[in-house]
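Asks: Okay, predicted coordinates and the sequence, questions at the end:
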Amino acid sequence: MNDMNIVIIGSGMYVCGRGTEGYGTVVPALLQWAKNNTLGQVYVAARSAKGIKMAKAKIKRLSRDMGINTDFTYLCGKKSGKSAYVKALREVPRPACAIVAVPDNLHTEIAGAAVRAGLHTLVVKPLAPTVKEAKALTALQKKHGVYCAVEFHKRLDLANHALRDAIRKRAIGSPLYFAVEYSQRKNIPYRHFKAWVENTNIFQYLGVHYADIVYFSTGATPLRAMAIGQKGWLVSKGINTYDSIEGVIEWKMPSGKKFVSHILTNWVDPESSSAMSDQKIKVIGTEGRFESDQKKRGITIVTDKNGTEEPNPYFCSAYGEKGEVSYIGYGIDSINTFLSDAALIEEGKLNIKYLEKERPTFRQAIVSTAVVEAVNESLRRNSMWVAIRGI
Ligand SMILES: NC(=O)c1ccc[n+]([C@@H]2O[C@H](COP(=O)([O-])OP(=O)(O)OC[C@H]3O[C@@H](n4cnc5c(N)ncnc54)[C@H](O)[C@@H]3O)[C@@H](O)[C@H]2O)c1
């Protein structure tokens, strides 16, 4: 396979585990990719010298643990950080791709710059907060003829494949309603995302994943949405955002049948919660039900040091001794599928049009973006129903 040069924009929690004991998901995926493929040049563009210093130290340790030699180029910008990613996009040798992992409100600007520079581009979710932006990005992708996707890793969780199959094969009849509960610990908004938490909200951050899974598993179109939110703990800590948001979305199947999804989200779970993500999905159909507990994956570890933990071994886990650690999981697969797709496109072995049906492309992400935008609009308008049109 062609050596793929890569620009990573952002050096935060998801890229390399900023503020955590771990290494995030993006860099572990890249190093895992390097075990079986030749990695081209990798540029890491971040906003501050501090961010670069932390990323360098994390990547050095992780490379050693994984037994990979890395020689990344690190660029940091002045003030806004714009100069760093602009330079990286200009200088990276072609063929190249970009992985954009910056706060939500910057996705359109920065992913747009990557696409304009002619790079295949992967953006962490949500693609953007508004349909107007998601459509503009999709138009840009078409104009520049590059492959663009959103890093919706839950699509690669086999539990969600089983859900999709149950619906597609009509094992549970026609869906009547989905019930989703998804939450994370308080530290996420309070500590990790403090700098930009008021530019997003918990539905936009977590709910969007399951808006995409509902679409992925049913192929349905969202018709309207309403939402209600509660403020409490975070406001008491001086952070003006909702603790929890519940969204109700009505959808229409390709068959014309309608169903509803209830997506309940919060990010004020106790730090002592036994898993980072508490997540469950249920679908009730006319001929049965499908239930998936996506928190309790069957492992419980109890130690003096950490109390009770119920880790998800299927997302992004490190296995093996120091010096030969491997990262495995659907988070890793999601990023590596993008790298492999981009490399095959460059070799002329894969058609971008084919991926439109198979992957969470920018065009497909217009659907989850529309749900997020309608939920946000409903929150602003005292929980009124908001129609979703023209997607
Ligand atoms: N943390 C997760 O588990 C996770 C999972 C999936 C998706 N995401 C998404 O990833 C995005 C970032 O999340 P995070 O967890 O890494 O947050 P974070 O706050 O830890 O990191 C954000 C990073 O963006 C950088 N940044 C901001 N402006 C920049 C610029 N102009 N140029 C380069 N870098 C810039 C910041 O310096 C920081 O390194 C969000 O959209 C979030 O929804 C996060």
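Replies: On my side now, so go ahead. Residues are numbered from 1 along each chain as shown.
Asks: okay, CA-based contacts and neighbour counts for the rest of this
Replies: Fine.
Asks: From the chain's centroid, how far away is stretch 192-199?
Replies: How far stretch 192-199 lies from its chain's middle: 16 Å, per CA atoms, centre = their mean, to the nearest Å.
Asks: Start the count at 569 instead of 1 going forward.
Replies: Sure thing, new numbering starts at 569, so read that last one as stretch 760-767.
Asks: contacts for it?
Replies: Applying CA atoms under 8 Å, 6 or more residues apart in numbering, the external contacts of stretch 760-767 come out as Met581, Gly587, Pro671, Asp672, Asn673, Pro757, Ile807, Asn808, Thr809.
Asks: and if you look at stretch 939-947?
Replies: Stretch 939-947 is contacted from outside by 697-699, 771-772, 775-776, 779, 790, 792-797, 815, 817, 952-956, using CA under 8 Å, 6+ apart.
Asks: how about that stretch, does it reach the ligand?
Replies: No - figure legend: stretch 939-947 not in contact with the ligand (CA under 6 Å from any ligand atom); closest approach 12.7 Å.
Asks: could I get that stretch in CSV with only the CA atoms?
Replies: Below are the C-alpha coordinates for stretch 939-947, written out as CSV (Å, rounded to 0.1, in the frame of the first residue of the first chain):
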residue,chain,number,x,y,z
VAL,A,939,-30.9,15.9,14.6
VAL,A,940,-28.3,17.9,16.6
GLU,A,941,-29.4,21.2,15.1
ALA,A,942,-33.1,20.5,15.7
VAL,A,943,-32.4,19.5,19.3
ASN,A,944,-30.4,22.7,19.9
GLU,A,945,-33.2,24.7,18.3
SER,A,946,-35.9,23.0,20.5
LEU,A,947,-33.8,23.8,23.6
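Asks: Centre of the chain to that stretch, how far?
Replies: Chain-centre distance of stretch 939-947: 19 Å, with CA atoms, centre = their mean.
Asks: Let me see the mean pLDDT of it.
Replies: For stretch 939-947, mean pLDDT rounds to 98.
Asks: helix or strand for the residue nearest the centre of the chain, which one?
Replies: Centroid check for the chain by CA atoms, centre = their mean gives Lys693 as the closest residue, at 3.8 Å. Per DSSP states H and E: Lys693 is located in neither a helix nor a strand.
Asks: Could you do Ala707 as well?
Replies: With DSSP H and E as criterion, Ala707 is part of helix 699-712.
Asks: so how far is that helix from its chain's centroid?
Replies: On CA atoms, centre = their mean, the centre of helix 699-712 falls 19 Å from that of its chain.
Asks: got it, and stretch 894-909?
Replies: What separates the centre of stretch 894-909 from the centre of its chain is 13 Å, taken as CA atoms, centre = their mean.
Asks: That stretch and the ligand, are they touching?
Replies: No - using CA under 6 Å from any ligand atom, stretch 894-909 stays clear of the ligand, with a minimum separation of 9.0 Å.
Asks: Would you mind pulling the contact partners of that stretch?
Replies: The contact list for stretch 894-909 (CA under 8 Å, 6+ apart) reads 572, 593-594, 596-598, 600-601, 634, 665, 690, 717, 719-722, 724-725, 881-888, 918.
Asks: Selecting buried members of the residues you listed in PyMOL, what would you type?
Replies: Buried subset of the contacts of stretch 894-909, written as a PyMOL selection, criterion 16 or more other CA atoms under 10 Å:
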select buried, resi 572+593+594+596+597+598+600+601+634+665+690+717+719+720+721+722+724+725+883+884+885+886
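Asks: can you tell me which residues contact the residue nearest to the centre of the chain?
Replies: By CA under 8 Å, 6+ apart, the neighbours of Lys693 are Asp672, Val718, Glu719, Phe720, Tyr773, Val776, His777.
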